[in-house]
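>>> The following block contains a protein sequence and its predicted model.
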Amino acid sequence: MKEHPSVIVIDWFLAHSKSYSTLTGASHLVLTIFWGKRQIDKTGKKGHERVIIKNNGKIVFTYKEAEIKYGISARRFNRAIDNLIEHGFISIVNTNPYGISTEPNLYQLENYWQDYGTKKFKERLRARKIREIGFCKYSNINEEYKNYKFKIDTGYIYFIQEGSKGLVKIGCSQNNVKSRLRQIAISTPFNLEIIGVIKSNNILKDELFYHTKFAHKRIKREWFKLNLQDMLWIKNYIKKH
């Protein structure tokens with residue numbers, strides 16, 4: 001792709017590829033923004049140079065930037081990232097296998113899209129982190145997890161539900177949970193309700209406990225499809241703690 005700091009030119013082959021034409025939602029826009037974040041350089045002897053992306057694997061594109069700068073809600077941005085990974089355009093460089101880092105994701109642009117729709121293409125999904133394993137006792141997750149040193153922050157574990165029978169978000173906050181509720185409400189059309197709050201002396205560790213317990217019911221990120229029995233378990237657990 002030939003480009004100028006303010007111009008991005010898409011190759012004919014890419015523009016007419018099955019991978020690009022089948023992208024959905026905000027994926028085209030998000031991909032274009034990723035292209036605009038590249039730092040292009042040339043390497044090799046004169047006449048035999050090749051183009052490289054100097055910052056590949058270190059590209060940062062946060063949910064906050066997507067929403068504030070480009071008007072892409074967290075939900076649309078999340079779907080776009082999944083879509084781009086599935087079509088072979090990008091990958092996430094994991095700097096923390098436990099998924100509990102406060103650092104933003106680092107992205108790498110890929111060329112797997114060229115084989116999309118062929119036998120050569122290997123399906124790729126967003127990497128599942130340790131918090132997404134199936135139900136197990138907290139103390140028996142594995143030795144790596146038990147020895148992981150969590151950054152200790154006090155605050156609250158909250159349970160926020162979409163409507164009366166919707167998905168439940170299990171998250172953590174150091175501040176007022178009602179303020180967090182207002183932030184979440186910006187990116188969803190549903191009515192939200194706080195159904196439970198637990199004070200915690202180590203919010204990252206306690207959040208991981210709940211995410212692990214209900215990992216088999218995860219729909220996406222921090223949202224879970226919980227039934228009445230699950231809700232009763234949470235309420236009883238909150239009463240005890």
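Cool, the structure landed.
>>> Check the burial of Asp41 by counting its neighbours.
12 (other CB atoms under 10 Å). All C-beta spots, glycine's among them, are computed from the backbone N, C-alpha and C.
>>> Spell out which helix or strand contains it, please.
Per DSSP states H and E: Asp41 is located in strand 40-43.
>>> partners of that strand, with directions?
Strand pairing for strand 40-43, using DSSP bridges, gives strand 50-53 (antiparallel).
>>> picking that back up, which parts of the strand holding Asp41 are buried?
Across strand 40-43, burial judged by 16 or more other CB atoms under 10 Å covers no residue at all.
>>> pull the CA atoms of that strand into PDB?
Taking Å, rounded to 0.1, in the frame of the first residue of the first chain, the C-alpha atoms of strand 40-43 are listed here in PDB:
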ATOM      1  CA  ILE A  40       6.500   2.700   7.500                       C
ATOM      2  CA  ASP A  41      10.300   2.400   6.800                       C
ATOM      3  CA  LYS A  42      12.500   0.800   4.200                       C
ATOM      4  CA  THR A  43      15.400  -1.600   4.800                       C
END
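>>> pLDDT averaged over it, what's the number?
Confidence over strand 40-43 (mean pLDDT, whole number) is 86.
>>> Who does Gln161 form a beta bridge with?
Note on Gln161: beta-bridge partners by DSSP bridges are Val168, Glu193.
>>> Walk me through the domains of this protein.
With domains defined by automatic domain parsing, the chain comprises 3-115, 133-240.
>>> Could you dump these into a markdown table with distance to Phe121 added?
Formatted as a markdown table, the domains of the chain follow (distance: least, CB to CB, whole Å):
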| stretch | distance to Phe121 |
| --- | --- |
| domain 3-115 | 4 |
| domain 133-240 | 24 |
